[in-house]
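Asks: Test case, fold it:
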Amino acid sequence: MNANVWKLLRLTCLLGLTGAAIFVAEWSTNAKAKSPAWESEFNGKTAEGTWLVEVTQIDCNSKAPKGPAFPSYLSFSGDGVMVENTNNLGFAAGQRGPGFGIWSHDGHHTYLAKSIAFIHFATPGNPPAVPPFKIGTQTIAQTITFENDPNEFTSEATIEFADNATPTPNIYLTGCATATGTRFK
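Replies: Okay, here's the model as predicted:
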C-alpha cells in the first residue's frame with residue numbers, strides 16, 4: 001500500500017474514534033440530565049427494589065382506619081414493572097392472586113404505581129369488617145412519597161374491585177388505604 005492510502009486510513013480511523021467519543025459524551029450528558037436531580041441526595045436510590053409494607057385500610061372520607069394493618073410486599077424493577085403480594089386477612093386463603101403492574105417517577109420524591117390482581121372465587125363476606133367479593137379483579141392505584149430517607153416511604157392508595165363481566169367489568173366496591181414501606185435489605 002502506498003503512503004497516501006495509509007494516511008487516509010489513519011485519518012478515517014481517527015475521525016471514527018472522535019465521532020464515537022463525541023456520541024458517548026453526548027449520550028452520557030443527556031442520561032444525567034434525564035435522571036432525577038435528587039438521586040444524588042439519596043445516593044442514587046429510587047423506588048427500585050423490594051419493600052416490606054404495612055397497609056392500613058381507611059375510610060376514604062374521614063381517613064379513619066378500618067381495621068388493623070396487614071403486611072404486603074412490593075417489588076419495583078428498573079424497567080417500570082412492579083409485582084406485589086399481600087397478606088390481607090379479609091381474603092380467604094388462595095382467594096386473591098399476586099398483583100402485577102407498572103410504576104413511574106412523578107417528580108422529586110414521588111412515584112405512581114398501579115397494579116391488578118385476580119380474585120379467584122367469590123365469598124359472601126362479613127360486613128362491615130369483611131366485604132363480599134366477586135370473581136374478578138382488584139386494582140390498586142397509589143402515590144408513593146419519600147420524605148428524607150431513601151429506604152422508607154409512605155403511600156396513599158385507591159382500590160377498585162371489579163367483576164368478570166365482559167366486555168366491560170363492573171366496579172362493585174371501592175376503598176382507600178395508606179401504607180408505610182421499608183426497603184428490604
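Asks: tell me the pLDDT at Pro128?
Replies: For Pro128, the pLDDT comes out at 67.
Asks: Now do the helices in the protein.
Replies: 3-34 (DSSP state H).
Asks: tell me the domain boundaries of the chain?
Replies: 3-34, 40-183 (automatic domain parsing).
Asks: Out of the ones you listed, indicate the one that is most buried.
Replies: domain 40-183 (a mean of 15; mean count of other Cβ atoms under 10 Å). All C-beta spots, glycine's among them, are computed from the backbone N, C-alpha and C.
Asks: ok so, going back, which of the domains of the chain has the lowest average pLDDT?
Replies: Of all the domains of the chain, domain 3-34 carries the lowest average pLDDT, namely a mean of 41.
Asks: what sits against the closest residue to Ala113 other than its chain neighbours?
Replies: In space, Ala113 comes closest to Trp103 once its chain neighbours are excluded; the distance is 4.1 Å by Cβ to Cβ, 6 or more residues apart in numbering. Counting by Cβ atoms under 8 Å, 6 or more residues apart in numbering, Trp103 touches 47, 76, 80-82, 111-114, 144.
Asks: Can you give me the distance of Trp103 to Ser77?
Replies: Counting by Cβ to Cβ, to the nearest Å, the separation of Trp103 from Ser77 is 9 Å.
Asks: Relative to Gly80, how far out is the most centrally placed residue in the chain?
Replies: The C-alpha lying nearest the average C-alpha coordinate of the chain belongs to Trp103 (Cα atoms, centre = their mean; 3.5 Å). Look at Trp103 and Gly80: by Cβ to Cβ, they are 6 Å apart.
Asks: same thing with Ile102?
Replies: 6 Å.
Asks: give the contact list for Leu112.
Replies: Contacts of Leu112 by Cβ under 8 Å, 6+ apart are 103-104, 106, 141-144.
Asks: Tell me what it is bridged to.
Replies: Ser104, Thr143 (DSSP bridges).
Asks: Now for the residue nearest to Val81 when sequence neighbours are not counted: which residues touch it?
Replies: Closest residue to Val81 apart from its sequence neighbours, by Cβ to Cβ, 6+ apart: Ile102 at 6.5 Å. Contact analysis of Ile102 by Cβ under 8 Å, 6+ apart lists 80-82, 113-115.
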